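Colleague: sequence first, predicted model second:
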Amino acid sequence: MASVRREIVSRLTSIQPIEDAHITSGDALKHVQDEYGIYSFNDKAMKEKLPSHVYSALKKDIQLGKPVDPSIADVVAGALKQWAVGHGATHFTHWFQPYTIANTAEKHDSFLSIFPGQEVPIFDFNGSELIRGEPDASSFPSGGLRATYQARGYTFWDPTSPAFVRKTASGATLYIPTAFCSWSGEALDEKTPLLRSTEKLNEACLKLLRLSGDNDTQNVYSTLGVEQEFFLIDRAFYLARPDLVAAGRTLFGAAPAKGQELEDQYFANIPRRVLTTIQEMEHKLWQLGMPAKTRHNEVAPAQYEMAPIFERATIATDHNLLQMTLLGEVAQKHGLQLLLHEKPFQGVNGSGKHNNWSISTNRGENLLNPGKTPLDNARFLMFLTAVIRAVDVHADLLRVSVANPGQEYRLGANEAPPAIMSVYLGDELDNVVKELIGAEGKTARKESKMLLGVTVMPPLTRDRTDRNRTSPFAFTGNKFEFRAVGSSQSSGMPNTIMNTIVADSVLYLHNEIKRVMDEKGFGFQIARQSVIHETLAKHYRVVFNGDGYSQEWRDEAVRRGLPNLRSSPEAIEALANEKNTKLLESLNVLSATETQARQHIMFEYYCKAINIEANSTHNIAKTVILPAVIKYQKSVADSVIATSTAIGESAVSGQKALLKDISSQIEALIAAIDALKAVHKQAHDLHDAKAEAFFYNTKVIPAMKAVRTAADSLENVVDDDLWPLPKYSEILFLR
């Protein structure tokens, strides 16, 4: 294996980036305009391909969140097939999101049909094939909703998310975004609860807006912009690391001499090979109608970020999953490997998926936009109050929504928000809230300028809020940034929960304002002011504008009574408690049965993921690392014998000390391997997903860490030519 390392390093010196002249030549704006969305059945394509009355009916249904009229399904299907075939498609698939971690699923069927009496095949696609599909659901996780032999499952067309065509050198396929449920109607995916929660948010917000006198708004929906972080490393290094292949993260690896401490990676020049990969990725995303906007180096070596322009949350979630898939494919074309694990490398920053969430109307209004001064914008303060209450009352659900195995190694470190859910408002908005509840606050400042002390630079407008990267839920001007979401996750569940808890709080405000109006005879504005004051005063405890990484905040959170669900099993346990089950069922987002099933799936997935890590840790330590260090031990022992024989014992005292140290460390490694094997067996003997998850968290993970500690210590001692695994200094810095 050591020779493999040397071969990879040697090969890297001759690699040239793969550049596509088609992407970079000619008028850039015209090129993007001509190709943007060409493989998406977007509004432009629908308008061109559908009869005007069908287009108008479909467009209206989508905009207002109403069911599509089944009578137009055949017409839409025919137009969709014609459009897709025009782009080379021979097959179609219902593209769905089974309830696993950021996976999508697809079963391809051709358009091919041969009718009786005909020898020449034709392409056929009808409304029923568009609306509903029937994949085998038996091997997808169901959490006990059905037995393995109960295989039937259904996919249902989601008309709010545009269909698209994916092309390869050998052909093309039409992808139809769909929801996925069991034969008995239970949701088996990420999309169905997201669509349900979107409807409930719309209903709740319209109810409150109607009470306020707004009869013009017809539809309210959440918007989303996903900042996707990831690592790109040379694929040869990846293939030479069995831990990365099996677990998605390195289970071994001593800290390199240089890590991220110089802070020279963040926003630095993007390596050319990586840049050409991301450029090709952006081009493909633009062709699919995804508005990729930003790219930059992240904090850790070999870590990067891409971010799009905001879209409807349901579409943005689909686009993010598509981005994750395409980025992996394009990276391999360029000889790179995409790593989406939350913590692929110990000692440097992990990766998240910053979830920028807001609420908009069909009239283009952002309900979380404070306008010129937050103090003057009563509607904004009303919806802000709903969000603050939602985070306080349902902090446990927010924490559940970001619980996965990778988060065990990321959340709460000095790179990601803590597991304590809190809201950051910024000084100005915080002062407004304090004034409203009668606490000590300052008058809202007017727009201010920053003078940089450089003559040629004009005065710059200062934003109303600073950015707080230590807060899990930060207000950033006209949206909330949920920073705790993991990089490997689908954003489906986090946004389902945000939609749900905010819908619950909006309904609470509606009911309270109406109660005050009815009981006290107040008008809406006075009643609203009273309820906002009371609600903010009660839930202000969740607001924190300081350093979320600090121990002082952890201590303060305890005093405030805020939950701190440190581990994923603790968070998962909270999903199906009485409060959360009642909330999700009352808003028809998840039934009690569906909630319990999802909890079981999450426990089970956690156990399986850590089980893979434990197996890999044991096997790599015993069959890859241990033989290498024993070989080095023998070489030192042979040197001691040869040298002492040749020139005497006095000449080998240092070598003997080295041999003794190595031997002691090898014994420590063997003991740690044996201890891991024993504790891992205990986990398998539990036969209960919840108990097993907690055992993996409290017993198996520490045992794995002990094996790693022993192995990493030896990496710093053993002859570099003998070390069998690519090292951090190579993986992170050689591209």
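Modeller: Structure received. Numbering: from 1, shown residues only.
Colleague: grab the longest strand from this structure for me.
Modeller: Looking across the chain with DSSP state E, the single longest strand is strand 220-234.
Colleague: so which elements touch the helix or strand following that strand?
Modeller: Next helix or strand after strand 220-234 toward the C-terminus (DSSP states H and E): helix 235-239. Using 3 or more CB pairs under 8 Å, 6 or more residues apart in numbering; DSSP states H and E, the elements in contact with helix 235-239 are helix 2-12, helix 242-247, strand 336-339. In this view, the C-beta of every residue, glycine as well, is placed from N, C-alpha and C.
Colleague: can you add distance to K47 and mean neighbour count and give the ones you listed back as a markdown table?
Modeller: Shown next, in a markdown table, are these (distance: least, CB to CB, whole Å; neighbours: other CB atoms under 10 Å):
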| stretch | distance to K47 | mean neighbour count |
| --- | --- | --- |
| helix 2-12 | 49 | 14 |
| helix 242-247 | 46 | 19 |
| strand 336-339 | 36 | 23 |
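Colleague: of these, which is nearest G127?
Modeller: strand 336-339 (37.6 Å; CB to CB).
Colleague: need the strands for the stretch 101-250 of the chain, in chain order.
Modeller: 108-110, 112-113, 122-123, 132-133, 153-157, 164-168, 171-182, 220-234 (DSSP state E, counting those that start in this stretch).
Colleague: okay, the ones you listed in a markdown table with mean pLDDT and distance to M382 next?
Modeller: Shown next, in a markdown table, are these (pLDDT from 0 to 100; distance: least, CB to CB, whole Å):
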| stretch | mean pLDDT | distance to M382 |
| --- | --- | --- |
| strand 108-110 | 94 | 48 |
| strand 112-113 | 90 | 55 |
| strand 122-123 | 83 | 53 |
| strand 132-133 | 88 | 40 |
| strand 153-157 | 91 | 35 |
| strand 164-168 | 96 | 38 |
| strand 171-182 | 94 | 32 |
| strand 220-234 | 97 | 13 |
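Colleague: okay, the helices and strands packed on helix 235-239 in JSON lines with distance to G86 and mean pLDDT next?
Modeller: Output for the helices and strands packed on helix 235-239, formatted as JSON lines (distance: least, CB to CB, whole Å; pLDDT from 0 to 100):
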{"stretch": "helix 2-12", "distance to G86": "42", "mean pLDDT": "80"}
{"stretch": "helix 242-247", "distance to G86": "40", "mean pLDDT": "97"}
{"stretch": "strand 336-339", "distance to G86": "31", "mean pLDDT": "97"}
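Colleague: and those as a markdown table, adding distance to P116?
Modeller: Formatted as a markdown table, the helices and strands packed on helix 235-239 follow (distance: least, CB to CB, whole Å):
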| stretch | distance to P116 |
| --- | --- |
| helix 2-12 | 58 |
| helix 242-247 | 50 |
| strand 336-339 | 48 |
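Colleague: which ones are touching the nearest residue to Q287 once chain neighbours are set aside?
Modeller: Take Q287 and drop its neighbours on the chain: the residue closest to it by CB to CB, 6 or more residues apart in numbering is Y39, 5.0 Å away. By CB atoms under 8 Å, 6 or more residues apart in numbering, the contact list for Y39 reads H87, F164, V165, R166, K167, Q287, L288, G289.
Colleague: mind redoing it with 7 Å?
Modeller: Counting by CB atoms under 7 Å, 6 or more residues apart in numbering, Y39 touches H87, F164, V165, Q287, L288.
Colleague: same check on N588?
Modeller: Applying CB under 7 Å, 6+ apart, one finds that N588 lies in contact with R196, K200.
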